[in-house]
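K.L.:
Here is a sequence together with a model predicted from it:
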Amino acid sequence: MTTAAKAQSGMPLWTDPLLFPLAIAVVAADQISKYLITHWLPVDESFHLFGPLSLTHVINSGTAFGLFQNFTFVLTLASVVAVAVLLIFFRTQASQGRWFKLSLAFMLGGAIGNLIDRVAQGHVTDFIHVGWWPVFNIADSAVVVGLAMLMWWVFTAPSGHPSRWPGPPPEYRAGAAPDPGC
């Protein structure tokens, strides 16, 4: 592990100038928009904006596309695990560069935004409706954007580039002896 990576892995996450502010901005935008929708548009009502875009207030107790309805406890637990995995992933791979951090920030903010809904209400509020696509929210969009950015980064960074994810550090690889310097 490089000295910079060791220093980064010891830093509190909220001191990262990219990850924390962007994740908080995603959570704030998500929660504010959901608050406005729940107080402005009754459930199952729709307001056409333009073209195929409408605001449609939907209660979703499932996952994306309305799958696994009424599995609130399992989905809440899965969301907690996803947030923990993203945080661990960031801590172990923090030196991977700006695109990597941006992608994790979007995914983390989106996961936390929907987790807040599940814990507070037992469901997620969805409201963005585009044509035939299922209704979604800002948190869902952030997760998808973050995942797309991560995939772009993984497949376009040149092999050997310092920001290319080489896999877990040696101390996390199966069968590897931990580095006593960590």
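P.N.:
Structure's in. What do you need?
K.L.:
all contacts plus neighbour counts: C-alpha atoms, from now on.
P.N.:
OK.
K.L.:
Return the alpha-carbon coordinates of the lengthiest helix in the chain using CSV.
P.N.:
Longest helix in the chain by number of residues (criterion: DSSP state H): helix 98-121. Extracted as CSV, the C-alpha positions of helix 98-121 are listed here (Å, rounded to 0.1, in the frame of the first residue of the first chain):
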residue,chain,number,x,y,z
ARG,A,98,-11.5,11.5,-9.1
TRP,A,99,-13.8,9.4,-11.3
PHE,A,100,-13.7,6.6,-8.8
LYS,A,101,-14.6,8.9,-5.9
LEU,A,102,-17.3,10.6,-7.9
SER,A,103,-18.9,7.3,-8.8
LEU,A,104,-18.9,6.1,-5.2
ALA,A,105,-20.2,9.5,-4.0
PHE,A,106,-23.2,9.2,-6.3
MET,A,107,-23.9,5.6,-5.3
LEU,A,108,-23.4,6.3,-1.6
GLY,A,109,-25.7,9.4,-1.7
GLY,A,110,-28.4,7.5,-3.5
ALA,A,111,-28.2,4.5,-1.2
ILE,A,112,-28.4,6.7,1.8
GLY,A,113,-31.3,8.7,0.4
ASN,A,114,-33.5,5.6,-0.2
LEU,A,115,-32.4,4.1,3.1
ILE,A,116,-33.7,7.2,5.0
ASP,A,117,-37.1,6.6,3.4
ARG,A,118,-37.2,2.9,4.2
VAL,A,119,-36.2,3.5,7.9
ALA,A,120,-38.5,6.6,8.4
GLN,A,121,-41.5,5.5,6.3
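K.L.:
Pull out the buried positions in that helix.
P.N.:
Buried residues in helix 98-121, counted by 16 or more other CA atoms under 10 Å: 99-118.
K.L.:
Quick one: mean pLDDT for that helix?
P.N.:
Throughout helix 98-121, pLDDT has a mean value of 89.
K.L.:
residues in contact with the helix or strand just after that helix?
P.N.:
Of the helices and strands lying after helix 98-121 in sequence (DSSP states H and E), the nearest is strand 124-130. Outside of strand 124-130, the residues within contact range by CA atoms under 8 Å, 6 or more residues apart in numbering are 34, 37-38, 52-62, 114, 117-118, 135-137.
K.L.:
Return the members of these classed as buried.
P.N.:
By neighbour count, with 16+ other CA under 10 Å, the contacts of strand 124-130 hold 34, 37-38, 54-62, 114, 117-118, 135-137 as buried.
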